[in-house]
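*Asks:* Kindly return the folded structure for what I paste below:
(2 chains)
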Amino acid sequence: MAKGDPAGTARGRRATPRSARSGGKSPGTGDLVQLLTPEGDRIDKVTWSDGTEYRVDFTDEEYRGLYRDLVLVRKLDAEATALQRQGELGIWASLLGQEAAQVGSGRALRPQDMAFPTYREHGVLYCRGIDPIMPLGLFRGVDLGGWDPNEFKFNMYTIVIGAQTLHATGYAMGVNMDGKTGTDDGEAVIAYFGDGASAQGDVNEAFIWSAVFNAPIVFFCQNNQYAISEPLERQTRIPLYQRAAGFGFPGVRVDGNDVLATYAVTRAALDNARHGQGPTLIEAYTYRMGAHTTTDDPTRYRIASEVEAWQAKDPIARVRAFLTKQGIADDTFLAEVEEQAKQEALRLRERVLEMPDPEPLTLFDHVFPNGSPEVDAQREFTARYLDSFEGSVH
Amino acid sequence: MATETLTLGKAINRGLRRALEHDPKVVIMGEDVGKLGGVFRITDGLQKDFGENRVIDTPLAESGIIGTAVGLSIRGYRPICEIQFDGFVYPAYDQIVSQVAKMHYRSQGKVRVPMVIRIPFGGGIGAVEHHSESPEAYFAHTAGLKVVACSSPQDAYTMIQQAVASDDPVIFLEPKRRYHEKGQVDLDAPLGDAYPLHSARVVRPGRDATLLAYGPMVRTAMEAATAAEEDGRDLEVIDLRTLSPLDLGPVYESVKRTGRCVVVHEAPGNLGLGAEIAARITEECFYSLEAPVLRVTGFDTPYPAARLEEDYLPNLDRVLDGVDRTFGW
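*Replies:* Numbers count the residues shown, from 1 in each chain, chains lettered A, B, ... in the order given. Reported below is the predicted structural model:
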């Protein structure tokens, strides 16, 4: 195992890290957990400023598995973007650049853990075993989210920014009330949100509630540097992970483009939570390589050189370099993964094109568990109206 | 049969107690609901008997109360949230209309939010601003929420239990100025035999005109009906009870007999419940109407200073004036 330059270890921290002033184009080396450098060199372990030591101990098979996840997640995402460009999806929120943050944290979840996503967590969704077609149904507009949150332990996407952090906190309070913490098989909850959401009242309320109720929750902030067009400094004047201290729980910043470090930090925080040690804020420092959504034009608010700088920190290239340098993967394996990704993307495309539009009258379904005479009356009225058209099949 | 004389507030308290006893997944959460028993003492004694995990004093953050209750619902709990005063519900408005109301629909029935949001509402208590409002139309306008208002101790006792037992999210409006009014309450009647939650009720039969009210205005309407007897007018009073969905079957039946209808509520008239009710009565009872449906409501001003609230709120005289106008048409 290569032991690269310990770039993630503390070398003395600046009082005000550059990220707070410059929009966070690069955090200092002393305030970031990193276990795999952009060049693909392994760092054996990193000790965070609170003394926590982070490391991973994967088998070669597990390393290859993470690589496969990253490639598949990126390929499926690219296919979704293409489908949108071809008019098959109404809109798409690409995760490009954030694969490691999502796969690292998603794979760190244990089966009993519950996740509360935003609308961009396609990689976490994939790790939870949900059919990747599901979010495409949402963005195509055939439904509002089709999976069962309790079956997959992955809540529906939440589009109102930050609202899900309170849901996650309440769920975690319920875990406590059920007595499901304090052991190795205890339950933990993870709430995903972004740098923009960190300004929302709901997120700050979630921090307060989870702290005072010692809720078993990990707040996983993917700081991708932009809230649509607004850079990080429009949301904060301190590094986001440092906010946790004010709420009374630990905060840690991880290289969100490093799948190994993200895994290590998330797994440790989740295990702390399940053992009754309360919340942790993780700031996964990453970059949204694409647009906010397919309706966005990032060339209006950021420069090409910034994107190029982050390109050099690509989350997948570094894993591939590592696997190759260490002889964990050969060209045959890499080609096989590419082919699998290609085939899965093709299958995804075919299934999206086959997605039927929902029947008009289904718009009246599921307004209430117990139904409503008013909704029923509108359904009946609409059915008669539709029937009044010649040749109607409704 | 255990029948007791209880205040409306105490009747809710007893109903909450029974709901907590009945289902271990029922939890109460809100500001000051624990040791203090709520600022109106509606949860008095419940934390002492059911513990801090069942009756939860929360941080002072309304969005947090509702948002965490959504998460507890996903976890399988049945939260009863207390919003301390009507005017303090707005910080939670996003969670209520965007999350609570839509979860079941978005998930195609896979997620239920069997939450009750209790809100003391309405004026007449001489309070400072934000303590006397009637926000029901905001919620009744939102698909996915059910909205009810109780007006008597018996209904308060029964309806709160029915709301908790319902898998639908229910906004439960409590007429705060009536908290101390007393009535007979049958404490042992099985919930299954009770008058349905989402049904209006004729509380005073009459022949000449129909008065519609809910919550605190039911008593005002009853007093108006009594006073109208002196003028030789026999008014029918209907307690709407359910504001979303509306149960207008008994209203149509009544208006078709009387031909005249006055809707009374404290909330401002513009786009209030009365407007919707008038529209529907017009659609259903057009050929029976002797006069347009009239509204006696709060005005389209912010809720005024306490020394002006008697001028703002519908009272006996304003209701009778409305009745006079419908007869004068």
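*Asks:* CA only for contacts and neighbour counts going forward, please
*Replies:* Will do.
*Asks:* Alongside chain A, which residues does the stretch 151-300 of chain B contribute?
*Replies:* Selection of the stretch 151-300 of chain B residues close to chain A by Cα under 8 Å from any Cα of the partner chain yields B:166-168, B:245-246.
*Asks:* wait, what's in contact with the nearest residue to A:V367 once chain neighbours are set aside?
*Replies:* Of all residues not flanking A:V367 in the chain, B:Y105 sits nearest, at 5.0 Å (Cα to Cα, 6 or more residues apart in numbering or on different chains). The contact partners of B:Y105, by Cα atoms under 8 Å, 6 or more residues apart in numbering or on different chains, come to A:365-368, B:144.
*Asks:* go on, B:M29?
*Replies:* Residues in contact with B:M29, defined by Cα under 8 Å, 6+ apart, are B:54-58, B:65, B:79-82.
*Asks:* can we see that at 10 Å?
*Replies:* Residues near B:M29 by Cα atoms under 10 Å, 6 or more residues apart in numbering or on different chains: B:43, B:52-59, B:65-66, B:68-69, B:79-83, B:117.
*Asks:* The residue of the stretch 1-150 of chain A found nearest chain B: which element?
*Replies:* In the stretch 1-150 of chain A, the residue that lies nearest chain B is A:L144 (5.0 Å; Cα to the nearest Cα). Using DSSP states H and E, A:L144 sits in no helix or strand.
*Asks:* number of nearby residues for it?
*Replies:* Neighbour count for A:L144, taken as other Cα atoms under 10 Å in any protein chain shown: 19.
*Asks:* ranges for the strands of the stretch 201-329 of chain B?
*Replies:* Listed in chain order, the strands of the stretch 201-329 of chain B (DSSP state E, counting those that start in this stretch) span residues B:201-204, B:209-213, B:235-239, B:242-244, B:261-268, B:294-298.
*Asks:* Could you spell out the sheet neighbours of the third one, each with its direction?
*Replies:* Looking back up the chat, that one is strand B:235-239. With DSSP bridges as the test, strand B:235-239 is paired with strand B:201-204 (antiparallel), strand B:209-213 (parallel).
*Asks:* leaving aside the residues next to it on the chain, what's closest to A:I159?
*Replies:* The shortest distance from A:I159 to any non-neighbouring residue, by Cα to Cα, 6+ apart, is to A:Y119 (5.8 Å).
*Asks:* Give me the ChimeraX select line for the residues of the stretch 151-300 of chain B next to chain A, limited to the buried ones.
*Replies:* A single ChimeraX command selects the buried members of those (16 or more other Cα atoms under 10 Å in any protein chain shown):
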select /B:166,167,168,245,246
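*Asks:* quick one: which of the residues of the stretch 151-300 of chain B next to chain A is nearest B:R204?
*Replies:* B:L246 (19.0 Å; Cα to Cα).
*Asks:* mind listing what the closest one touches?
*Replies:* Here B:L246 is in contact with A:372-374, B:140, B:146-148, B:198-200, B:240, B:273, B:276-277 (Cα under 10 Å, 6+ apart).
*Asks:* Can you pull out the low-pLDDT segments for chain A?
*Replies:* A:1-30, A:393-394 (pLDDT under 70).
*Asks:* Show me how it divides into domains.
*Replies:* A:18-354, A:362-394 (automatic domain parsing).
*Asks:* Show me what counts as buried in the shortest one.
*Replies:* Using 16+ other Cα under 10 Å as the test for burial, domain A:362-394 gives A:364-369, A:372, A:375, A:379, A:382, A:386.
*Asks:* And those residues, which two are furthest apart?
*Replies:* Greatest spatial distance in these: A:P369 and A:L386, 25.4 Å, computed using Cα to Cα.
*Asks:* Mind jotting down where the helices sit in the stretch 101-250 of chain B?
*Replies:* B:103-106, B:136-140, B:153-165, B:217-229, B:249-258 (DSSP state H, counting those that start in this stretch).
*Asks:* now, of those, which is deepest in the fold?
*Replies:* Mean neighbours per residue, mean count of other Cα atoms under 10 Å in any protein chain shown, is largest over the helices of the stretch 101-250 of chain B for helix B:153-165, with a mean of 25.
*Asks:* what pLDDT, on average, does it get?
*Replies:* Averaged over helix B:153-165, pLDDT sits at 98.
*Asks:* packing partners for it?
*Replies:* For helix B:153-165, the packing partners by 3 or more Cα pairs under 10 Å, 6 or more residues apart in numbering or on different chains; DSSP states H and E come out as strand B:3-7, helix B:8-22, strand B:26-30, strand B:78-82, strand B:116-121, strand B:146-149, strand B:170-175, strand B:182-186.
*Asks:* In CSV, list these along with distance to A:R107.
*Replies:* Output for the helices and strands packed on helix B:153-165, formatted as CSV (distance: least, Cα to Cα, whole Å):
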stretch, distance to A:R107
strand B:3-7, 56
helix B:8-22, 39
strand B:26-30, 33
strand B:78-82, 31
strand B:116-121, 36
strand B:146-149, 40
strand B:170-175, 38
strand B:182-186, 56
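*Asks:* looking at it, A:R379 is touching A:F364, isn't it?
*Replies:* Yes - if you go by Cα atoms under 10 Å, A:R379 and A:F364 touch, sitting 6.2 Å apart.
*Asks:* can you tell me if stretch B:61-79 touches chain A.
*Replies:* Yes - judged by Cα under 10 Å from any Cα of the partner chain, stretch B:61-79 comes into contact with chain A at B:61-77.
*Asks:* taking those one by one, which sit in strands?
*Replies:* Assigned to strands by DSSP state E, none of the residues of stretch B:61-79 next to chain A qualify.
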